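Trainee: Make a model of this:
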Amino acid sequence: MADHGEDACKRVDVGITRVFELLGKRWTGLIISVLMERAVYFAELRRAIPGISERMLSDRLTELGAAGLVVREVDEGPPLRVSYRLTKAGAAMEPALTELSRWAESHLEVSEGGC
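Mentor: Got it, this is the predicted structure:
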């Protein structure tokens, strides 16, 4: 008879848990995807992600900054402009995100609203 006790269950990997706590939030992956290309001003970033509000974008950028993945840079201007770029740690996600994109293209159907 199979052992179904608590010890027999595989625990979720701590690293995977941490990744999805951050990247599993709505909009986060899209923000990182845009920033993979280059540093972007706030307004450009908002235009690149249809449907995201200024508040949500600001909140997600703050979270990514606190996690050490994004840096906020202020151009004194005039006009004063704020840009965002990935840190080395943020940019290091590119191979993993590229593989996830390939997997999605092969295994997930495109929804009617998709590109």
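Trainee: element containing the most centrally placed residue in the chain, please.
Mentor: Nearest to the geometric centre of the chain sits G29, at 2.8 Å (Cα atoms, centre = their mean). Assessed by DSSP states H and E, G29 sits inside helix 28-37.
Trainee: in that helix, what counts as buried?
Mentor: 28-32, 34-35 (16 or more other Cβ atoms under 10 Å). Backbone N, C-alpha and C define where each C-beta goes, glycine included.
Trainee: got it, and stretch 38-58?
Mentor: By 16+ other Cβ under 10 Å, the buried positions in stretch 38-58 come out as 40, 42, 45-46, 52, 56-57.
Trainee: now stretch 84-103
Mentor: For stretch 84-103, using 16+ other Cβ under 10 Å, the buried residues are 84, 86, 90, 93.
Trainee: Between those, which sits nearest V19?
Mentor: Closest approach between these and V19, by Cβ to Cβ: M93, at 9.1 Å.
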